[in-house]
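# Give me coordinates for this.
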Amino acid sequence: MAMARRLAIFDTKARRLARATRLLEEGKTPQAFSLFAKLANAGVPEAAYRVGQCYLSGQGTPSSLEEGARWTFVAAEAGLGEASFTLATLFAMGVPDGFDPARTVPAGSGLYERFDTDAMDAHKPDFARARIWAEKSAAAGHVEAQALLGHIFNHGPDDLQDRQAARHWYGEAVRGGSLQGALGLGLILLDEAEDDSQRAQAVELLQRAAEGGIGLANAAMGWIYEHGASGQARDAGKSASHYLKAAEQNIPSAQARYGLMLLKGVGVEVNVIQGESWLRRAAYGGDAEAAALLGDLYIRGEELLRRPMEAARWYQLAAEQHHTPAARVLAVLYLTGTGVPRDERKAAQWFNHAAMLGDHMADADLGNLVLAGVTRPEDEQRSLQQRLRQQAEGGNLLGAFNLGVCLAQGVGGTADETEAFYWLGLAREGVVNAQYWYGRMLFEGRGVAQNREDGFLWMDKAARQGMPEACVSVAQLLVTGQVGGSRDHARALELYQKAAEAGLPEAYFSLGAMHGGGHDVPVDLERARECFEEAAQRGHGLAQMMLGRYLLRGLGGPENGEQARYWLGQAARQGIEQAQTLLDSLADPSAEASQDPALMDMAAVETGISR
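Residues are numbered from 1 along each chain as shown. Just a heads-up that it's a prediction; the model follows:
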């Protein structure tokens, strides 16, 4: 017994701490944690810190941020500088909202009891408490704590930001050899540099941090060499090399830039597959620009990668992260049914999203959809009109045009054609579409005294600049001779052709009608049939009926009864009564066809300005 007591004297806390540390180094983590825990409960600060580290890394015990922070706090309170730095880092990175590491453990609770986080919010940075603990450690000379304190003063919330204090603490860290300090101070000096000497100092610090393997420093050097900034010559090879080093350290922005360089062969050999892979990693890492680039790659890339469905997925990921161009492209995909089911409401939703992010063109696109009958909430329509009014009052001619159209159609409020005419008048000299709408309102006498001659001139001005809707409207007037009593079917044909080339179904239909006969242009039934088919494929009901008639009678091409019935059926489903009558007559051979299919009643075309 005496011998055992004498041996126990040597089994001090220091020796047990050393033994626990050795066990940890040997990979015997459960045994090490158990020994650290006993020492921590006995009041040994170093052991408390080790227990916190075990919880944070999950060594010898299930990982727990809360328990790790609590035991680190115990060590920090005892004056352990490394513990203060670790605690500051935890607060800067984020702890559960409402978490207090100083919370007293209830009586009877053991070391292994977990902190109850069920009622707490997601982890959030607490820079105020991070600053407190970073200052304790930094004042004691802890170099990385000094760098962290510089970061807090530079990037913390507004009430903590202090550029002078940030520069001071980054400088202290640099003098102590901190690479993170070199990164932080280098970025500040780069931002503030006013001459070549200051820029050179900033680059030297960033280069030092980059050579030390700091990912963000390599990303910064990649940007400097890519753009030839801060007195450095452009060097795509060096830029790619730095971006690669940063990319390998999971810096999403660098992964995106390196991936793009691989796609374009800038600074490296072209490698589309590797480029796509780096962009994908960046996108999954939260880089919205990389997600948008992937969308571009899959919508416009090489045949191997051209997959519209995949493109839509990446555009949506970017749009959800408030990438404005991606939101607008996604809206267009929904509008055209490219890679996604055609859905005008979803198109409107994403146009609105892009507009709220500041895309004025998306405002115009959204307005067009609303005018076309796509239902949107009243508050969204009011918001649209308010944004357009701000643009218009700020001198934006496109905004003035779109505001005029909304006021004319009552989008976002009560229709006011007089005010609409005013804004369209302001926009008419700079916006082709405004010329058309201005002329149309003059022609119809909406919001202003009717003046058909001047209205026609403004619409014609828009038509001569290629606006498809203006081409169709002017062509209709030239066919019917409603202005001045003169007709010009040859020019009308040219205008319909121009609008058809822009994809307007009604233009193709009107071309078919004119080529079908009864106008001052040569009859061409083959061309008429082609035009009716183009319009029919685009969903034009009257064109579907006419194509059915041509197929039924073999006009402009061979007969095809099966196809004729199909197109007549499509037209009937759109409410074209003549198509249904003809279908009924085919089902009942005793019935008489209602009219000669070789001729087309131009009343469908000669209705003046389409609304």
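# Could you tell me how many residues sit around Gly176?
Residues near Gly176, counting by other C-beta atoms under 10 Å, number 14. Heads up, the C-betas are built off the backbone N, CA and C, glycines and all.
# now it: how far from Arg280?
Relative to Arg280, Gly176 is positioned 39 Å away (C-beta to C-beta, to the nearest Å).
# Ok, Ser473 next?
Distance from Ser473 to Arg280, by C-beta to C-beta: 48 Å.
# Those two: which is more packed in?
Taking neighbours as other C-beta under 10 Å, Ser473 and Arg280 compare with Ser473 leading, 25 against 17.
# Please tell me I have it right and the more buried one contacts Tyr436.
Yes: contact criterion C-beta atoms under 8 Å: Ser473 and Tyr436 qualify, at 7.3 Å.
# Mutual contacts of the two, please.
Residues touching both Ser473 and Tyr436 (C-beta atoms under 8 Å, 6 or more residues apart in numbering): Met459, Ala463.
# What is the burial count for the residue nearest to Gln232 when sequence neighbours are not counted?
Among residues not flanking Gln232 along the chain, Ile224 sits closest, at 5.3 Å (C-beta to C-beta, 6 or more residues apart in numbering). Look at Ile224: counted by other C-beta under 10 Å, it has 25 neighbours.
# Ile224 contacts Arg234, doesn't it?
No: in this structure Ile224 lies outside contact range of Arg234 using C-beta under 8 Å: 9.6 Å.
# Domain boundaries for this protein, per the record?
Domains of the chain are assigned by automatic domain parsing as 377-464, 489-604.
# Quick check: mean pLDDT of the shortest one?
Computed over domain 377-464, the mean pLDDT rounds to 90.
# For that domain, measure first residue to last.
Distance between the two ends of domain 377-464: 37 Å, counting by C-alpha to C-alpha, to the nearest Å.
# any idea how far that domain is from the chain center?
Averaging C-alpha positions (C-alpha atoms, centre = their mean, to the nearest Å) puts domain 377-464 30 Å from its chain's average.
# Tell me where the protein has strands.
Counting by DSSP state E, the chain has strands at residues 95-96, 123-124.
# Show residues contacting the last one.
With contact meaning C-beta under 8 Å, 6+ apart, strand 123-124 is reached by Leu65, Met93, Gly94, Val95, Pro96, Asp97.
# show me where pLDDT drops low in this structure?
By pLDDT under 70, the low-scoring segments of the chain are 1-11, 103-122, 301-304, 371-372, 589-611.
# repeat that with 50
Applying pLDDT under 50 to the chain flags the ranges 1, 4, 6-10, 105-121, 592-611.
# wait, what's in contact with the closest residue to Gly569 other than its chain neighbours?
Counting by C-beta to C-beta, 6+ apart, Gly569 lies nearest to Leu583, which is 6.6 Å off, once chain neighbours are set aside. For Leu583, the contact set (C-beta under 8 Å, 6+ apart) comprises Arg565, Leu568, Gly569, Ala572.
# Mind doing that once more with 10 Å?
Residues in contact with Leu583 (C-beta atoms under 10 Å, 6 or more residues apart in numbering) are Met545, Gly548, Ala564, Arg565, Leu568, Gly569, Ala571, Ala572.
# quick one: it and Phe85, what's the gap?
83 Å.
# Repeat that for Ile132.
Taken as C-beta to C-beta, the span from Ile132 to Phe85 is 12 Å.
# Next up, phi/psi of the closest residue in space to His227 that isn't next to it in sequence, please.
In space, and not counting its chain neighbours, His227 is closest to Arg234: 7.1 Å by C-beta to C-beta, 6+ apart. Main-chain torsions, Arg234, degrees, to the nearest 10: phi -60, psi 130.
# returning to that earlier point: could I get the contacting residues of the residue nearest to Gln232?
Here Ile224 is in contact with 190, 199, 202-203, 206-207, 210, 230-232, 234-235, 238-239, 242 (C-beta under 10 Å, 6+ apart).
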